[in-house]
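> pasting the sequence and the predicted model now:
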Amino acid sequence: VSLAAPFADRLARLRAAIADRGAQGLLVSNLVNVRYLSGFSGSSGWLLIAQDAARLVSDFRYRLQAAEEAPGFEFVEIKRADEDLPGAIAALGCEAVGFEAAHVTVDTHRRLSERLPGVRLEPTTDLVESLRITKDEGELALLARAAQLTDAAMKHALSLLAPGVGERALAVEIEAFILRAGGEVAFGPIVAAGARGALPHARPTEHAIQRGEAVILDLGASVDGYAVDLTRTVVVGAGSARQREVYALCLAAQQAGLEALRPGAAAEAVDAAARGVIEQAGLGECFGHGLGHGVGLEIHEAPRLARRESRALEAGMVVTVEPGIYLPGEFGVRIEDTAVVTPQGRRLLTQSPKTQEIPVV
Ligand code: ZN
Ligand code: ZN
């Protein structure tokens with residue numbers, strides 16, 4: 001069976017990486033990696049990859065789904081993973097089989113070792129993740145669709161925002177909008193008003209939004225598994241001088257971060273470009289998280305834009321740029337977009353409007 005692009009290309013690159021590590025085969029346990037390599041989106045399954053084999057191991061529940069989503073893979077049906085997975089690995093006929101050290105429990109590793117005395121199990125890290133870190137054209141097209149849907153959901157949320165609306169009620173509306181539009185909810189939306197906005201990952205509460213409160217809206221949709229991430233901060237009714245000042249600072253920091261985002265730039269340098277703007281204003285202590293993170297099949301994936309991340313950025317990487325300024329007991333401001341690194345610099349995927357002054361709704 002021949003593999004459709006892009007899976008043939010991904011598998012060829014993975015096989016080269018497996019050979020580089022001195023192994024002949026690889027057991028893929030991370031379901032996100034399984035999906036990336038094969039297209040299979042079920043909730044239970046493993047891939048077994050060798051130079052001449054591409055097998056998807058799962059059970060009866062997924063037989064039809066596997067044929068539909070991963071037609072290029074040979075389906076190996078098992079009943080119980082603990083009993084049957086070792087046999088499937090042995091059937092590869094490899095002396096050395098890599099496994100994903102971050103995704104195999106100590107218990108599973110012990111069972112596999114006991115039942116595979118003739119196979120050398122080699123721990124690997126980030127073999128598939130290092131392929132996922134730059135996106136191909138097909139992935140960028142899905143991310144663009146996810147961004148359009150996310151922008152539409154933000155517009156919808158802002159149209160509903162008014163004094164008296166509950167944080168949780170608005171979060172539910174955002175989720176319903178994304179689902180009705182044909183997307184999936186990439187993560188539970190954050191709606192954080194007033195002092196709750198000072199909690200970077202606030203859960204929406206029953207709190208009814210008040211006139212004068214700054215509100216952080218952080219939401220994302222995914223399309224065919226690919227997610228984007230978007231945050232806007234607005235004020236309801238009328239803003240204070242302090243809110244306008246902190247918003248302007250956060251926006252300037254985001255612009256500095258976006259301008260620094262380009263191929264060859266170190267991830268920590270992009271973080272520093274944005275962070276420096278906030279530090280110069282004396283509010284460095286109020287920006288306690290990294291500037292951004294990669295997005296794709298996972299809402300948080302490599303690369304991270306943060307301090308002590310020396311990795312050089314490459315065209316095709318997709319990251320968020322999201323400085324935040326959190327004033328405990330008062331309010332918070334965060335502005336986030338998802339952008340792709342291009343040969344020339346960067347291109348925004350999320351296109352929700354940004355104004356120089358904090359928007360008043
Ligand atoms: Zn984010
Ligand atoms: Zn976000």
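Received the coordinates, thanks. Numbering: from 1, shown residues only. Ligands and ions are numbered 1, 2, ... in the order given.

> hey, where'd the helices end up in this structure?
Using DSSP state H, the helices of the chain run over 7-20, 31-38, 63-69, 81-90, 106-115, 129-132, 137-160, 167-180, 241-260, 267-280.

> doesn't residue 142 make contact with residue 296?
No. Applying Cβ atoms under 8 Å as the test, residue 296 and residue 142 come out as separate, 9.2 Å apart. Quick note: C-beta positions are derived from backbone N, CA and C, even for glycine.

> now do the shared contacts for the two.
Counting by Cβ atoms under 8 Å, 6 or more residues apart in numbering, the common neighbours of residue 296 and residue 142 are residue 226.

> the more surrounded of those two?
residue 296 (25 against 20; other Cβ atoms under 10 Å).

> pull the contacting residues for that one.
Residues in contact with residue 296 (Cβ under 8 Å, 6+ apart) are 132, 135, 139, 143, 226-227, 318.

> just residue 27 next, same as before
46-48, 89, 97-100, 104.

> what bridges to it?
According to DSSP bridges, the partner residues bridging residue 27 are residue 48, residue 99.

> thinking again about what came up before, going by neighbour count, which of the contacts of residue 27 comes out on top?
residue 47 (28 neighbours).

> now that one: closest residue in space that isn't a chain neighbour?
Excluding its sequence neighbours, the residue lying closest to residue 47 (Cβ to Cβ, 6 or more residues apart in numbering) is residue 28, at 3.9 Å.

> also residue 79?
residue 59 (6.5 Å).

> right, and that neighbour touches residue 44 too?
Yes. The criterion here is Cβ under 8 Å, and residue 59 meets it with residue 44 at 6.6 Å.

> how deep is residue 90 tucked in, by neighbour count?
Residue 90 has 15 nearby residues by other Cβ under 10 Å.

> over to residue 16?
10.

> and the spatially most central residue of the chain, what does it touch?
Nearest to the mean C-alpha position of the chain, by Cα atoms, centre = their mean, lies residue 299 at 2.2 Å. Residue 299 sits next to 186-187, 220, 222, 227, 229 when contact means Cβ under 8 Å, 6+ apart.

> switch the cut-off to 7 Å
Shown in contact with residue 299 (Cβ atoms under 7 Å, 6 or more residues apart in numbering): 186-187, 220, 227, 229.

> repeat for residue 104
Contacts for residue 104 (Cβ under 7 Å, 6+ apart) come out as residue 29.

> what about the nearest residue to residue 41 once chain neighbours are set aside, how many neighbours?
Once flanking residues are discounted, residue 41 sits nearest to residue 35: 5.2 Å by Cβ to Cβ, 6+ apart. Neighbour count of residue 35, defined by other Cβ under 10 Å: 19.

> cool, the one 3 residues further on as well?
Residues contacting residue 38 under the criterion other Cβ under 10 Å number 25.

> please tell me I have it right and it contacts residue 56.
Yes. Applying Cβ atoms under 7 Å as the test, residue 38 and residue 56 come out as touching, 5.8 Å apart.

> what touches both of these two?
Joint contacts of residue 38 and residue 56 (Cβ under 7 Å, 6+ apart) are 47, 70, 73.

> which ones are touching the second one?
Shown here is residue 70, whose contacts under the criterion Cβ under 7 Å, 6+ apart are 38-40, 56.

> and for residue 50?
Taking Cβ under 7 Å, 6+ apart, one finds 24-25, 92, 94 in contact with residue 50.

> and what of residue 199?
residue 192.

> distance check, it against residue 106.
Noted for residue 199: a distance of 35 Å to residue 106, by Cβ to Cβ, to the nearest Å.

> do residue 98 as well
Residue 98 is 17 Å from residue 106, by Cβ to Cβ.

> just residue 56 next, same as before
25 Å.

> and residue 246, by the same measure?
47 Å.

> would you mind listing what in the stretch 201-350 of the chain touches ligand 2?
For the stretch 201-350 of the chain, the residues in contact with ligand 2 (Cβ under 5 Å from the ion) are 218, 229, 231, 336.

> export these as TSV, with columns for pLDDT and neighbour count.
Putting those into TSV (pLDDT from 0 to 100; neighbours: other Cβ atoms under 10 Å) gives the following:
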residue	pLDDT	neighbour count
218	98	24
229	98	27
231	98	23
336	98	24
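
> so which residues on the protein come close to ligand 1?
229, 320.

> cutoff 6 Å now
229, 293, 320, 322, 336 (Cβ under 6 Å from the ion).

> okay but the last one is in contact with residue 228, surely?
No. With the criterion set as Cβ under 7 Å, residue 336 and residue 228 do not qualify as a contacting pair; they are 9.9 Å apart.

> so what's residue 309 up against?
Contacts for residue 309 (Cβ under 7 Å, 6+ apart) come out as 267-268, 303.

> so what's the backbone phi/psi at it?
phi -110, psi 100 (degrees, to the nearest 10).

> where do the strands sit along the stretch 251-361 of the chain?
With strands called from DSSP state E, counting those that start in this stretch, the stretch 251-361 of the chain shows them at 292-294, 301-305, 318-321, 324-327, 331-334, 337-341, 346-348.

> could you check the angle strand 337-341 makes with the second one?
Calculated by axes from the mean of the first three to the mean of the last three Cα atoms, to 10 degrees, strand 301-305 forms an angle of 100 degrees with strand 337-341.

> can you show me the CA trace of strand 301-305 as CSV?
The C-alpha atoms that make up strand 301-305 are tabulated as CSV, following Å, rounded to 0.1, in the frame of the first residue of the first chain:
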residue,chain,number,x,y,z
GLU,A,301,4.1,22.4,21.8
ALA,A,302,7.7,23.3,20.8
PRO,A,303,9.2,25.8,20.4
ARG,A,304,8.8,27.8,23.5
LEU,A,305,9.6,31.6,23.4
